[in-house]
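Just the structure for this:
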Amino acid sequence: MVHTGLKSALAAMAMAAGLSGLVMPASAAPKTDFKVCWSIYAGWMPWGQMAENGIMKKWADKYGITVEITQINDYVESINQYTAGAYDGCTMTNMDALSIPAGSGVDSTMLIIGDYSNGNDGIVLKDKAALADIKGQTVNLVELSVSHYLLARALDTVGLSEKDITLVNTSDADMVAAFATPEVTAAVTWNPLLSEIAATPGATKVFDSSGIPGEIIDAMVVNTAVLADNPAFGKALTGAWYEMMTLMQSASPEGTAALEAMAAASGTDLAGFKAQLDTTKMFYAPAEAVAFASAPELPKTMRFVADFLFAKGILGTNAPSADFVGIAFADGSTQGDAANTKLRFDTTYMKMAADGAL
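The predicted model follows:
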């Protein structure tokens, strides 16, 4: 799902295109100090809590390194900073990982697949009850974001396309207020905005990401060269993440306190945060994430994503086809241009966690 603070993805593409001429081919070397960034979204709140409660430091100390975790309020800006080399890792969706860093030539690895959206992104209509009723309407959304992708996939299910509607690019910051006006009758957005809009009198959620399970993937993405030269970095991040997942699932006072802290940091209460987690398919156990990343459905999903990005002109600078960027999967297979492989689904470290080898 796309996250609170996301600006127009069109602007992001322009920024990434500018970066692509500046970013040198990925290179790294052994080092001991690392930086990762994240932005507000239910599935990524653990990164902030890990920094606060000492779990990240514990695992970094184990491997003799330091890992600085920084919250960035603007989602797309966090990805742009990662792409420019300011961070060694960043939380992002599979779609944004493919379009911004990978499309800009930064070889990136999906190190930890934390979840997929299972209802956190949705389409809401005013005074209408079915998705097909969207035909002829003006639809407010953050263009070229995963909201746009969700809309495209949803329209396919009822035999419609974008030519049947009119899109209005709307900032996430303005979405709730816009939907409250009489002239706005349709919106596509993500939680917590989605829940607020869907609760508006006369509003009906007519489609959400549970209709395309496993397609909007949220991950910690790291620089491939940095990871290759510094396996301790991957081990520390992965070990800390799964310790946090265990804590979140525990019924302990410490687990509840962690959930309450994450809820407060995301601007809601414990019940509200748990409701967001309910529409987020969290992979609490590393074996679950490994299975998901190894499933035959994943290449199909990435084909949908690459086709969408290319159709919208945002799959890297001057991409000649949807196969412009090569994508490597856990079984060693590739999709797209293998000579330009810039996005990798690597289960190595998640497998280590599953095997108790960290």
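
contacting residues around the nearest residue to Gly255 once chain neighbours are set aside?
Nearest residue to Gly255, sequence neighbours excluded (CB to CB, 6 or more residues apart in numbering): Leu247, at 5.0 Å. (C-beta placed from N, C-alpha, C; glycine too.) Taking CB atoms under 8 Å, 6 or more residues apart in numbering, we find Leu247 in contact with 55, 254-255, 258.

can you tell me which of the residues you listed lies nearest to Gly326?
Ile55 (34.5 Å; CB to CB).

Select only the buried ones of the contacts of Leu247 in ChimeraX?
A single ChimeraX command is used to select the members of those judged buried by 16 or more other CB atoms under 10 Å:
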select :55,258
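
Let me have the contacts of Leu247 in TSV, extended by secondary structure, pLDDT and distance to Ile112.
As requested, these are exported to TSV (DSSP: H, G, I helix; E, B strand; the rest coil; pLDDT from 0 to 100; distance: CB to CB, whole Å):
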residue	secondary structure	pLDDT	distance to Ile112
Ile55	helix	98	14
Glu254	helix	96	22
Gly255	helix	97	20
Ala258	helix	97	18
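
now, which of the contacts of Leu247 sits nearest Val142?
Closest to Val142, out of all of the contacts of Leu247 and judged by CB to CB, is Ala258, at 30.1 Å.

Can you get me a residue count around Arg303?
The number of residues packed near Arg303 is 15, by other CB atoms under 10 Å.

ok, now the one 4 residues further on?
By the measure other CB under 10 Å, the count of residues near Asp307 is 15.

How about the one 10 residues further on?
For Thr317, the count of nearby residues is 16 (other CB under 10 Å).

give me every residue that touches the closest residue in space to Ala322 that isn't next to it in sequence.
Excluding the flanking residues, the one nearest Ala322 by CB to CB, 6+ apart is Phe310, at 3.9 Å. By CB under 8 Å, 6+ apart, the residues touching Phe310 are 319, 321-322, 324.

picking up where we left off before, ok, which pair from the contacts of Leu247 is furthest apart?
Ile55 and Gly255 (12.1 Å).

quick one on the thing from earlier: pick the one among the contacts of Leu247 closest to Tyr63.
Nearest to Tyr63 among the contacts of Leu247, with distances taken as CB to CB, is Ile55, at 13.6 Å.

my guess is that closest one meets Leu237, correct?
No. If you go by CB atoms under 8 Å, Ile55 and Leu237 don't touch, sitting 10.9 Å apart.

In stretch 188-205, which residues are buried?
Buried residues in stretch 188-205 (16+ other CB under 10 Å): 188-198, 203-205.

Using a markdown table, please lay out these together with secondary structure.
Shown next, in a markdown table, are the buried residues of stretch 188-205 (DSSP: H, G, I helix; E, B strand; the rest coil):
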| residue | secondary structure |
| --- | --- |
| Val188 | strand |
| Thr189 | strand |
| Trp190 | strand |
| Asn191 | coil |
| Pro192 | coil |
| Leu193 | helix |
| Leu194 | helix |
| Ser195 | helix |
| Glu196 | helix |
| Ile197 | helix |
| Ala198 | helix |
| Ala203 | strand |
| Thr204 | strand |
| Lys205 | strand |
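
Please indicate which of the contacts of Phe310 are buried?
By 16+ other CB under 10 Å, these give 319, 322, 324 as buried.

circling back: any idea how far the residue nearest to Gly255 lies from Met220?
Using CB to CB, to the nearest Å, Leu247 is found at 17 Å from Met220.

Please apply the same query to Thr238.
Distance from Thr238 to Met220, by CB to CB: 9 Å.

Which neighbours do the two have in common?
Contacts common to Thr238 and Met220, judged by CB under 8 Å, 6+ apart, are 111-112.

Quote the end-to-end distance of stretch 44-64.
Terminal residues of stretch 44-64 are spaced 25 Å apart (CA to CA, to the nearest Å).

Can you list the neighbours in contact with that stretch?
3, 32, 36, 38, 66-67, 69, 71, 91, 114, 218, 220, 232-233, 235-237, 239-241, 243-245, 247-248, 258, 261-262, 265-266, 273.
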